[in-house]
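# Got a predicted structure plus its sequence, pasted below:
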Amino acid sequence: MLHPSENRDSVHAVRGGQGAPVTCATCGCRLNDLGGGTYGHFQPLGGRDARGCRVACVDQLHDARGRALAA
């Protein structure tokens, strides 16, 4: 049995006329679509991003350009 391929329909932003995932403007991590035009780091834990790096914006919501929104 073949496993279904990864869903490639997760494009949320347009850059340079092409679809692209939204990434954090500070650290470059890919962000999850939280709905309502907001995005967030994947499983933030204790001020660290998914790669384990300490990033000041890890617990903040981001906009479609990857910039952290004011708290």
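Here it is on my side, so go on.

# contacts, neighbours, all on C-alpha from now
Fine.

# Now do the contacts for the residue minimising distance to the centre of the chain.
Nearest to the mean C-alpha position of the chain, by CA atoms, centre = their mean, lies Leu31 at 0.6 Å. Neighbour list for Leu31: Pro21, Val22, Thr23, Cys24, Tyr39, Gly40, His41, Phe42, Gly66 [criterion: CA atoms under 8 Å, 6 or more residues apart in numbering].

# now swap in Phe42 and tell me
With contact taken as CA under 8 Å, 6+ apart, Phe42 is in contact with Arg30, Leu31, Asn32, Asp49, Ala50.

# State the distance from it to Ala70.
When CA to CA, to the nearest Å is applied, the distance between Phe42 and Ala70 equals 19 Å.

# hang on, the earlier thing: mind listing the residues bridging to the residue nearest to the centre of the chain?
The residues paired with Leu31 through beta bridges, assigned by DSSP bridges, are His41.

# give me the low-pLDDT residue ranges for this protein?
Low-confidence segments of the chain, defined by pLDDT under 70: 1-15, 71.

# closest to Val58 among the contacts of Leu31?
Distance to Val58 across these (CA to CA) is lowest for His41, with 5.9 Å.

# Could you tell me how many residues sit around the closest one?
One way to gauge burial is a neighbour count; for His41, by other CA atoms under 10 Å, it gives 24.

# Same check on Gln60?
By the criterion of other CA under 10 Å, Gln60 has 16 neighbours.

# Once you drop chain neighbours, what's closest to it?
The shortest distance from Gln60 to any residue other than its chain neighbours is 6.1 Å, reached at Ala68 (CA to CA, 6 or more residues apart in numbering).

# what does Cys29 give?
The shortest distance from Cys29 to any residue other than its chain neighbours is 5.3 Å, reached at Thr23 (CA to CA, 6+ apart).
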